[in-house]
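A.B. asks: structure here, sequence nowhere to be found:
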Ligand SMILES: [Zn+2]
């Protein structure tokens, strides 16, 4: 394996490469969204590998011009297996690793400073589950706020885990940004967009009477759908996807 400028591996083996490519596609999609990222395009993206105990993570501070050479491979305990990482990236490894350890259903974790979402995080205010698109992605409860802790510190990770339950898919990091997680990287990437919309619309709704709760039956339907999906278990790469009823 050759080594690139930044010291990371220049190519991943054929088993890992498709996952590296999916991270690059996710970064490109978020960068293409323009306003879904903060001006610095700061963010980090990870994907869990088959077998469940390793993940690939972007090893640079910004998502622009991402390539497979900008990734590093970690164990879910946060130990680096291969590659190298910027000092700024080093702070965020445990944030991703902790989610993978806590939630076996999670296949991808994304961290951004999406502007409207981060406004709620800075206000230490949960984003209400009031935007209909959220429940289509099975977000039926307010997106909680993890109390502030210095980036990547043990306190920050402990605070994140306090508000991660068995089903939620996003956590606001107080005075900082957001963590989004889902079973696939494509869904997590899309969820970054949906959450930014929800944050923007709910903020605007405060000017015209405030966000209102969705009807209870809409929430119940979404929860039933999520429970049915969960009962089928996680579909791993290489396994057939169960047919919908
Ligand atoms: Zn950050």
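C.D. replies: Sure thing, it's come through. This one's a predicted model, so the numbers in the text were calculated from it and none came from an experiment.
A.B. asks: neighbouring contacts of the lengthiest helix in the chain?
C.D. replies: What stands out as the longest helix in the chain, according to DSSP state H, is helix 185-205. Contact partners of helix 185-205, identified using CB atoms under 8 Å, 6 or more residues apart in numbering, comprise 22-23, 26, 29-30, 33, 35-36, 45, 47, 107-110, 112, 114-117, 119-120, 127-128, 130-131, 133-134, 137, 139, 143, 169-170, 178, 180-182, 211-212. All C-beta atoms are positioned from the backbone trio N, CA, C, and that covers glycine.
A.B. asks: from those, which land in helices?
C.D. replies: 22-23, 26, 29-30, 115-117, 119-120, 133-134.
A.B. asks: about what we covered before: drop anything exposed from the contacts of helix 185-205.
C.D. replies: 22-23, 26, 29-30, 36, 45, 47, 107-110, 112, 114-117, 120, 127-128, 130-131, 134, 137, 139, 143, 169-170, 178, 180-182, 211 (16 or more other CB atoms under 10 Å).
A.B. asks: so after the worst-scoring helix or strand of the chain on mean pLDDT, what's the next helix or strand?
C.D. replies: Ranking every helix and strand in the chain by mean pLDDT, DSSP states H and E puts helix 87-90 at the bottom, with a mean of 74. Following helix 87-90 in sequence order, the next helix or strand is helix 93-102 (DSSP states H and E).
A.B. asks: next, the buried residues of that next one.
C.D. replies: So for helix 93-102, counting by 16+ other CB under 10 Å, buried means 93-100.
A.B. asks: rewinding a little: for the least confident helix or strand of the chain, the distance to its chain's centre please.
C.D. replies: 18 Å (CA atoms, centre = their mean, to the nearest Å).
A.B. asks: how about stretch 211-230?
C.D. replies: 21 Å.
A.B. asks: do the same with stretch 155-170
C.D. replies: With CA atoms, centre = their mean, you get 12 Å for stretch 155-170.
A.B. asks: quick check: buried residues in it?
C.D. replies: 156-157, 159-160, 164, 168-170.
A.B. asks: residues touching that stretch, excluding its own?
C.D. replies: Residues contacting stretch 155-170 (CB under 8 Å, 6+ apart): 94-95, 98-99, 102-103, 137-139, 141, 143-150, 171, 173-174, 178-182, 188, 191, 195, 226, 230.
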